[in-house]
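In: Here is my input, please return the structure:
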Amino acid sequence: MTSDGRTRKNLEVQRSHHTTIRYTASGPVGGPTLALIHGWACDRGDFDAVTDHLPGNYRVLAIDLAEHGESRSTREVWTMEEFARDVAAVLEAESVDTAVVAGHSLGGAVAVEVGRLLPDTVSHVVALDALHYLSLFPAMSEEQAKAMAHMFREDFAAGVRGLVEGGSPAGTDAAVKDAYVEKMIAVRQPAGLRSIEGLLRWDMDAALRETKQPIIVFAIRDLVTREAIDRYGDRLDIVLIDLGSHHFPVEAPEGTAKLLAGVGTA
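Out: So this is what the prediction gives:
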């Protein structure tokens, strides 16, 4: 049960290549559906407290991507498009007609791909501190992608530490950062490494051109550059927020829930 009394069920759906996608469903069947996608090296548990603060009539689907959390897979493809098919499999299993799809960090890229894959099902795409990081998301040259991937291959923990530090505004508690690093370096391998490489090679600009839904980015104010706003402000609705660090859904679940509950209701 959620803290507000809603039933929470842990479910799974099977895909090819011995892929089992596990997810948590809460709220009434037939209610407004919100699909939640965690970030790289994280899991659906990051949204537990967010779910507790969402309106009781919402149908919430929190999904573990392949080889994250409790989901398992032997596949060889670790692209954002393939992760989107994980999410699409859940939406199909739940017979969802219309949904808002929200993703944190790498999950924001996956959410865009879900929108592209299911244009008649996804009404809005939400990126939780995602898509605005120019060092990660716009298409890199192969040389750039190889260089960044090499950093993770050479010292995975240091690569993770660099991401956490880059997503931490000045004044972020060192213990909080250390906890994120400890959690993320434990991601299952080789999928963890392969999926960050998949993100580095994701062509966001091409994906945005083919994604027709409104895309809302809730971005930590201190982490957004003017360059990102100038580059994507005409395609992304970038809303600056002050809810903590890059991992704000964990740090400010009530505030995150309020943001999500307002999507598509205007």
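
In: Could you confirm Thr20 falls within a helix?
Out: No. Assigned with DSSP: H, G, I helix; E, B strand; the rest coil, Thr20 falls outside any helix and is strand.

In: Enumerate every residue touching it.
Out: Applying CB atoms under 8 Å, 6 or more residues apart in numbering to Thr20 gives the contacts Glu12, Val13, Gln14, Ser71, Arg72, Ser73. C-betas here are computed from N, CA, C, even on glycine.

In: how about the residue nearest to Ala186 when sequence neighbours are not counted, what does it touch?
Out: Distances taken as CB to CB, 6 or more residues apart in numbering put Ala41 closest to Ala186, at 7.8 Å, once the chain neighbours are dropped. Contact analysis of Ala41 by CB under 8 Å, 6+ apart lists His68, Val160, Lys183, Met184, Ile185, Ala186, Val187, Gly192, Ile196.

In: If any of those are buried, put those into a ChimeraX selection.
Out: ChimeraX command restricting these to the buried ones, with burial defined by 16 or more other CB atoms under 10 Å:
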select :68,160,183,184,185,187,192,196
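
In: just to revisit the earlier point, quick one: which of the contacts of Thr20 sit in strands?
Out: Residues of the contacts of Thr20 located in strands (DSSP state E): Glu12, Val13, Gln14.

In: Most neighbours of all the residues you listed, which one?
Out: Val13 (19 neighbours; other CB atoms under 10 Å).

In: where in the protein is pLDDT low?
Out: Residue ranges of the chain with pLDDT under 70: 1-5, 265-266.

In: can you pull out the strands in the chain?
Out: Using DSSP E, the strands of the chain run over residues 8-15, 19-26, 33-37, 59-63, 99-104, 122-128, 215-220, 237-241.

In: Using CSV, write down the CA coordinates of the last one.
Out: Looking back up the chat, that one is strand 237-241. Backbone C-alpha positions of strand 237-241 (Å, rounded to 0.1, in the frame of the first residue of the first chain) are rendered in CSV as follows:
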residue,chain,number,x,y,z
ASP,A,237,9.4,24.1,-22.5
ILE,A,238,12.2,24.6,-19.9
VAL,A,239,10.8,25.3,-16.5
LEU,A,240,13.5,26.4,-13.9
ILE,A,241,13.0,24.9,-10.5
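
In: Would you mark the buried spots in it?
Out: Ile238, Ile241.

In: Show me which of the ones in strands among the contacts of Thr20 is closest to Leu106.
Out: Among the ones in strands among the contacts of Thr20, Val13 lies closest to Leu106 (CB to CB), at 20.3 Å.
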